[in-house]
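Visitor: Sequence and predicted model, in that order:
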Amino acid sequence: MKVRELLDGIRKSDIVLPEFQREYVWTLDQAKQLMVSLARGYPVGGILLWKTDAPPELKNVDTLPDRLGTAQVLLDGQQRLTTLHMLLTGDIPSFYTAAEIQNDPRNLFVNLQDLDFQYYQASRMRGDPHWQRVIDCFDTSQVNPLQIASDKAGADDGADVMVLAQHLLDNLNRIRNINEVDLPEQVVPSDADLDEAINIFDRINSQGTKLTDAELALTHITGKWPRARRAMKAKAQECGERGFDFSLTFMTRALTTAVTKRALFEAVHSRPRDELEAGWTTLTRILDYLLTILPPRAFVHSTSDLNTTNALIPLVAHLAINRGRFADESSIHHAINWLYAALMWGRYTGQTDQRLEADVQLVVRETEPWDALRANIAEQRGRIDVKAADFEGRGVQHALYRAIFILAKAQSAVDWFNGLPLAQTHGTRYGIHSHHIFPQARLYAQDEWDSDNYMHRQVVNEIANRAFLTAETNIELSATPPADYLPAIEDRHPGALAAQFVPMDPQLWHIERFPDFLAARREIMARKLNEFMASLIDEPERTHQRPITDLISLGESYVLEFKSSLQWDAVKNEPNKALRQASLKTVNALLNSQGGTLVIGVEDDGSIYGLDRDLSLTRGSRDRFEQLVATLVADSMGASTAAYFKVRFEDVEERSVCVVDVERSPEPVFLTTPKGRVFYIRVGNTSRALDHEETLKYVEANWDH
């Protein structure tokens, strides 16, 4: 289909954009390169249309024009067509508003002499008529090649003017002929449903500006609940006004967690509209609650206090399961302690999806999961407590810098000159600045410190040489030596120095004692941070497993699987020992992953099947059934695995079920099967066998040897 036909179709709303499409995200350079390619006759890709008589909700279109036939829904190529619409017509297409165009390319110019495309630069283009706005090139009244040639060549040589004019006209026509370029068109069958259309869209899209996992999840969400994107943006703006800037990626993951009790984006793809809307209602209440308690309880006043918003996802999961509230003050304190630890030690800076999924599933399993979550951090990091050496060479980009700022706010720290509490927001003039206690200029004036030496810069700029002051005070102090200004601060605001961990020995405030000052302050910061963390959890956490009925209601997941029976074949209505392998496979996968729970006596859909038939094979004895499970695991996976699983029984709907709680094994565990030794892991809500190469990579990545 020709470009002009496509643009005309957009103008007439013959071609429409579904609400589930993302915004216009092309960069200015991508828009420019599209025009370069078209002007030179290079291929630029095609479009994908879905012709349907039942279109999904559309962007900025309330009703389609009254016509017979089907609507043409644009699934792929919208970035190209939006760019072409703006550059060839000068207008934003109707399916977008001006606010939704992040990078407006309409200031693109072209040099008609050599077809060089560039965005406007006054120093380069002013006074040179060769440079014309691309938009004007498509308006026959705006660009006159003969006039340009006359202005450029002068009136002395008419022949030269005509040659130049013809050259400019040829190039102008090459640009205008972009309207006649045929873009390849692919069409999704009209009998395709919405999910099929989205899946096709994703496959095609993967060859262009690929959707992220979050964008694909949001595409599925808006395909069923068209207003989701706008609802998320509105809520994000509301949170931003309270100091918390949440991206669409965070909002999508948080909604996924609220709906599915999982952290992986793919988990939300198949959820119906009613679950999405109910989950959104839950999430908005959770966000309101968190933004209310985080400032006064955790001294987290904005997302600038967080090195990643992913650390809030386990909190969202916990609150979604527990009616949007922490159980009591102790629960709040334990949650905050874990949050600090997760932020300080970068729990989600690598393997983000895997770690979030593991932590969220742990939240699902336990009513108070914070000790177990801290154990995950300790396993990853080796320890949670902070040592003085952790501050050495660490600058403001390190997570410990934010931790120290939070601690200073918790200690009621104030600005050293105007006395304003650091925990309050003060506007631009009094915004918080990072002040060098020992000024850089003073240090670099000493022979000992060289600004060209990377290691020296690391020390001069480390956290232990930083204080938190309002902007006005930071400017006033400038390069004043600490020995000159620190005594006056202590006189004016007693305790203000100690609240920011400044060593109180005045001898350490002299320039020549800078290394000693750093060493002393590192020790103070580490000790105070550890004391503060410990004070939050001086009352032991009251942990217990979530009631089995609650677990069953959540459905199968990464850490939860149901089996209707251990060894009774319901189809043949007879014992079948071969069925044991299914339960053993699950136990093996849980041992090799993050642990979890196997419930025997429950159907895949959560309905209770019971253990009556299984127990009939052990003379009705639960003890013998438990011993059978233990023996099967020991024989197929080794006796040492006994330390990492427990068997218990619960009564649900007047029927017995067997619950096998499995911990993560400290060593890889292989399952001996009739076909040989197999290594299983959990993938989503299933157990998958790895081949030899995959097993080696998995073991290397998940266990230290």
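Guide: That came through, no problem. Residues are numbered from 1 along each chain as shown.
Visitor: Heading C-terminal from the helix or strand of the chain with the lowest mean pLDDT, find the next helix or strand.
Guide: Taking mean pLDDT, DSSP states H and E as the measure, the helix or strand of the chain with the lowest value is helix 471-477, at a mean of 62. Per DSSP states H and E, the first helix or strand lying C-terminal to helix 471-477 is helix 482-492.
Visitor: now what about that following helix, what contacts it?
Guide: 416-417, 419, 437-438, 477, 496-497, 502, 504, 506, 509-511, 517 (Cβ atoms under 8 Å, 6 or more residues apart in numbering). In this view, the C-beta of every residue, glycine as well, is placed from N, C-alpha and C.
Visitor: Quick one: mean pLDDT for stretch 51-66?
Guide: For stretch 51-66, the mean pLDDT works out to 66.
Visitor: what are the ranges of the helices in the stretch 301-450 of the chain?
Guide: All helices of the stretch 301-450 of the chain, identified by DSSP state H, counting those that start in this stretch, fall at 313-321, 329-344, 352-365, 370-381, 399-410, 440-444.
Visitor: report the angle between the axes of the fourth one and helix 352-365?
Guide: Spelled out, that is helix 370-381. 150 degrees (axes from the mean of the first three to the mean of the last three Cα atoms, to 10 degrees).
Visitor: quick one on the thing from earlier: can you tell me which two in the contacts of helix 482-492 are farthest apart?
Guide: 419 and 511 (27.1 Å; Cβ to Cβ).
Visitor: which of the two has more neighbours?
Guide: Each of residue 419 and residue 511 has its neighbours counted (other Cβ atoms under 10 Å); residue 511 has more, 17 against 10.
Visitor: What separation do you get for the more buried one and residue 445?
Guide: 9 Å (Cβ to Cβ, to the nearest Å).
Visitor: what comes into contact with stretch 368-376?
Guide: By Cβ under 8 Å, 6+ apart, stretch 368-376 touches 314, 318, 327, 331, 334-335, 337-338, 341-342, 347, 355, 358-359, 362-363, 366, 384, 537, 541-544.
Visitor: Which parts of it count as buried, going by neighbours?
Guide: Residues of stretch 368-376 classed as buried by neighbour count (16 or more other Cβ atoms under 10 Å): 368, 369, 370, 372, 373, 374, 376.
Visitor: on that earlier part again, buried among the contacts of helix 482-492? Make that a ChimeraX selection.
Guide: This is the ChimeraX syntax for the buried subset of the contacts of helix 482-492, where burial follows 16+ other Cβ under 10 Å:
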select :416,417,437,438,477,496,497,502,509,511,517
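Visitor: Return the closest of the contacts of helix 482-492 with respect to residue 186.
Guide: Once Cβ to Cβ is applied, the member of the contacts of helix 482-492 that ends up nearest residue 186 is residue 437, at 63.6 Å.
Visitor: Local confidence estimate at the closest one?
Guide: pLDDT, residue 437: 94.
Visitor: what do you get for residue 196?
Guide: Value for residue 196, per-residue pLDDT: 78.
Visitor: related to what we said a few turns ago, counting neighbours, which of the contacts of stretch 368-376 end up buried?
Guide: 314, 318, 331, 334-335, 337-338, 341-342, 347, 355, 358-359, 362-363, 366, 384, 537, 541.
Visitor: host element of the residue nearest to residue 138 when sequence neighbours are not counted?
Guide: Once flanking residues are discounted, residue 138 sits nearest to residue 88: 5.1 Å by Cβ to Cβ, 6 or more residues apart in numbering. Residue 88 is part of helix 78-89, with elements assigned from DSSP H and E.
Visitor: which helices and strands sit right next to that helix?
Guide: For helix 78-89, the packing partners by 3 or more Cβ pairs under 8 Å, 6 or more residues apart in numbering; DSSP states H and E come out as helix 3-11, helix 28-39, helix 134-137.
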